[in-house]
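>>> pasting the sequence and the predicted model now:
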Protein chains: 2
Amino acid sequence: MQTHAESLLARRKKLLGPAYSLFYRDPLHLVRGEGVWLYDADGRQYLDMYNNVPHVGHCHPTVVEAIARQSSLLNTHTRYLHELVLDYAERLTSTLPAELDVAMFSCTGTEANELALRIARAVTGGAGFVVTDCSYHGNSQAVSEITTEHSTPDMLPPHVVAVPAPDVYRGVHRGEDAAERYASHVNQAIETLRRRGIAPAALVLDTIISSDGVVAVPSGYLTHAARAIRAAGGLFIADEVQPGFGRTGERFWGFELDNVLPDIVTMGKPMGNGYPLAATVTRSDIAEAFAKRTRYFNTFGGNPVAAAAGLAVLDVIEAEHLQQNALRIGRHLSAGLERLALQHERLGDVRGTGLFLAVELVDDRVSRKPATEYADKVVEALRDEGVLTNTIGRHDNILKLRPPMVISRENADMFLAILARVLSTL
Amino acid sequence: MQTHAESLLARRKKLLGPAYSLFYRDPLHLVRGEGVWLYDADGRQYLDMYNNVPHVGHCHPTVVEAIARQSSLLNTHTRYLHELVLDYAERLTSTLPAELDVAMFSCTGTEANELALRIARAVTGGAGFVVTDCSYHGNSQAVSEITTEHSTPDMLPPHVVAVPAPDVYRGVHRGEDAAERYASHVNQAIETLRRRGIAPAALVLDTIISSDGVVAVPSGYLTHAARAIRAAGGLFIADEVQPGFGRTGERFWGFELDNVLPDIVTMGKPMGNGYPLAATVTRSDIAEAFAKRTRYFNTFGGNPVAAAAGLAVLDVIEAEHLQQNALRIGRHLSAGLERLALQHERLGDVRGTGLFLAVELVDDRVSRKPATEYADKVVEALRDEGVLTNTIGRHDNILKLRPPMVISRENADMFLAILARVLSTL
């Protein structure tokens, strides 16, 4: 007889089609979430060490209440005046350097990056983009062209050039001058664009370079890379979808880990704790130059409910000291992982800061050969033990730890104990 | 002293930048909505004859309750199994012809069209698109390339060719064979693409051709046009963001007004009554051919809250017989507008069906010269009298009437009375 999950799988295949994929060999059928916990249809509890969209915890009552309240009052668009979108823009830009004072709203990180590319093209007159070589920035046509995670260099369109991610564990440059050396590839990329007759519009970087699996970017890299693109007349776009909103613990924004001021900052996933909300923030002079060429409107972007959700998320981050929690629990998790690495040779490297940690799994520490299959086994075994994670990096061998920001020390200890057990038995 | 609205305007200019625009010379500051009514900060009431996003009425309690309830239970993504997205896909596809049985979800109409273009390119191998010459399909780069409302033909990229909108009031073809004659331009566009060495991927049509101001498409046009693109190996993409979900009263979908089966249907705005929700629906053979080339995922698209909102909208449309209401009130409004046209020479044409009506304003009925300024005055005067509308068409001279679907006969009579007064005094 068909189980309930099997019947869901069959319906799903038929109704959503085969282009959709699922996590895990035995996919999860989730029905409820609360804080760091997710529950499946059989009442089984999972510790969520993966999902960053529920930034302040699954179904946080403050956010739920804000969404419910504003949905019952008014939900319309930005062609009428409304206070909430302005209150939110004010709160949001107050978390950023003073120069970044204009916010434009959309619904997804893809849309935020679409707008950023459009602004960059409009204000520079250029068309070329420089990105890292295993990047993810979104799924629209223009944004997937600068997404290189499934491409080799020869598959990229002429206006996109990929540079090596600044990976000091596995990459081409290590040692003290790695940041400068990696940044010098941006100059080479600009040269490549020039040879093709294309002026650079922007360098686009996830500031912790997460899909490449870097997570711990060498100090100075962002500064040097931004300087290179600016010297060539392009902008520096910081994609903060992953590091933003305090996730790194040390700073509210990823670019602040380095001494650099982006021209444009894009953000998405965690902003509305699951309510579709994204933004493109820039300087007023850039916004003015952009507005001379075109208008901007997004039907659902910055609507009063989205703004209410966004404000509630900022309220909770502040009231529950979640950035500080990320720093504290992140350090605790890091230390625990380092201890595990003393016993387990296959934990090649532990890196990251706050609540975005990466554990590089290798066959052995001398060859550093990526342990792709082993990583998959670890992810599946953790799932069976009630912990949700996944992998990143070109070789899918890097364990990605990115829990909701409300994770406690007890939750972290539970995770470390389960991971220890999994590593000992695999 | 600065009024509250002036202070909002100043904050807005500073915080959102100058690329954002507002409706009305004296912009509205709205604070509450209910059914067909909107209320400003001074408690003034406005009859909403414009907004189609609040499809089943502003802040409909059934939709608000569904969003609040599911937000408090679980909001996660489609890489875990969840029943609601399947229930919704089932309900949604059951409103469509049996062949269109696969639904893929996103957050905005732009994203739905992005995915449709991507599917069309992938399964046809072509890259060319045919659209009407004052179209609006969205704001991403790829979708704005097929959006012609702000372009002249020479501004379009080589892979996009615009055909004249099938406008039998103002356009190049009138009379009995207008549908075939307009559709023949699709063949010419395909030829143009071929001369440029570009194979056609799709014909993309808003099936009531609303931004062009057509609204009443001559019978047979969609069928002939779809036949032309298919004969050339391209797909027919029906953009149902405007006509879908029963708005035309006669049918649930705009393409059903003609005898045609699209290959892909895209939808957005009204789906979630304001919750960001959009979909791309296609045949399973197309979905399979697409999945052989690539995967599809959208972080917020088809999440449990979006699905709950979408289901609630379908529930309300059914329970409150809103398609029938659209037909009934649409006829009543049409008849009333026709009566007004008997007295007012500047109402050049009244057309449309259900709750998407167009009133073409002209200098006089002989020249049919578009009365752009006059239309703007009518819109502003209606706003001052407490009625919200706007204009469409290349000349912005066509009054667009597109109220929430819950509009009553009394509301319609009130609108007609106010419009009569405005037309008599302007």
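Cool, got the structure.

>>> near chain B, which residues of the stretch 201-350 of chain A?
Proximity of the stretch 201-350 of chain A to chain B, by C-beta under 8 Å from any C-beta of the partner chain, involves residues A:268-269, A:273-276, A:282, A:284, A:287-288, A:290-291, A:294-300, A:302-303, A:305-306. Every residue, glycine included, has its C-beta placed from N, CA and C.

>>> which among those residues count as buried?
A:268-269, A:273-276, A:282, A:284, A:287, A:290-291, A:296, A:298-300, A:302-303, A:305-306 (16 or more other C-beta atoms under 10 Å in any protein chain shown).

>>> mind listing which of the residues you listed are in helices?
Those of those mapping onto helices are A:284, A:287, A:290, A:291, A:305, A:306, per DSSP state H.

>>> before we move on, which element is the closest residue to residue A:83 other than its chain neighbours in?
Distances taken as C-beta to C-beta, 6 or more residues apart in numbering or on different chains put residue B:8 closest to residue A:83, at 6.8 Å, once the chain neighbours are dropped. Per DSSP states H and E, residue B:8 falls inside helix B:4-16.

>>> which residues sit against that helix?
Residues outside helix B:4-16 that contact it (C-beta atoms under 8 Å, 6 or more residues apart in numbering or on different chains): A:78, A:81, A:83, A:85-86, A:89-90, A:93, A:101-105, A:284, A:302, B:2, B:20, B:22, B:26-27, B:29, B:41.

>>> what about 7 Å?
Applying C-beta atoms under 7 Å, 6 or more residues apart in numbering or on different chains, the set of residues contacting helix B:4-16 from outside is A:81, A:83, A:86, A:89, A:90, A:93, A:102, A:103, A:104, B:27, B:29, B:41.

>>> for the first one, list each beta-bridge partner.
Applying DSSP bridges to residue A:81 gives these bridge partners: residue B:29.

>>> and it, what is it in contact with?
Counting by C-beta under 7 Å, 6+ apart, residue A:81 has contacts B:5, B:8, B:12, B:27, B:28, B:29.

>>> so how far is residue B:425 from it?
Per C-beta to C-beta, to the nearest Å, residue A:81 is found 27 Å from residue B:425.

>>> same question for the last one.
For residue B:41, the distance to residue B:425 (C-beta to C-beta) stands at 27 Å.

>>> more neighbours: the two, which one.
Shown here are residue B:41 and residue B:425; by other C-beta atoms under 10 Å in any protein chain shown, residue B:41 has more neighbours (16 against 8).

>>> which residue sits closest to the more buried one, ignoring its sequence neighbours?
That would be residue B:29: by C-beta to C-beta, 6+ apart, it lies 4.7 Å from residue B:41.

>>> ok now do the one you found, which residues does it touch?
A:81, B:5, B:8, B:40, B:41.

>>> circling back to that earlier point, I'd like to know how many residues surround the residue nearest to residue A:83.
Counted with other C-beta under 10 Å, residues neighbouring residue B:8 total 18.

>>> distance of it from residue A:103?
The spacing between residue B:8 and residue A:103, counted by C-beta to C-beta, is 15 Å.

>>> likewise residue A:384?
Remark: distance between residue A:384 and residue A:103 (C-beta to C-beta) = 43 Å.

>>> and those two? Which one has more around it.
Taking neighbours as other C-beta under 10 Å, residue A:384 and residue A:103 compare with residue A:103 leading, 26 against 13.

>>> tell me the contacts of that one?
Residues counted as contacts of residue A:103 (C-beta under 7 Å, 6+ apart) are A:89, A:92, A:93, A:279, A:281, B:15, B:16.

>>> average pLDDT for whichever strand or helix holds it?
According to DSSP H and E, residue A:103 maps onto strand A:100-106. Mean per-residue pLDDT for strand A:100-106: 98.

>>> past it, which element shows up next along the chain?
Downstream of strand A:100-106, the next assigned helix or strand under DSSP H and E is helix A:109-124.
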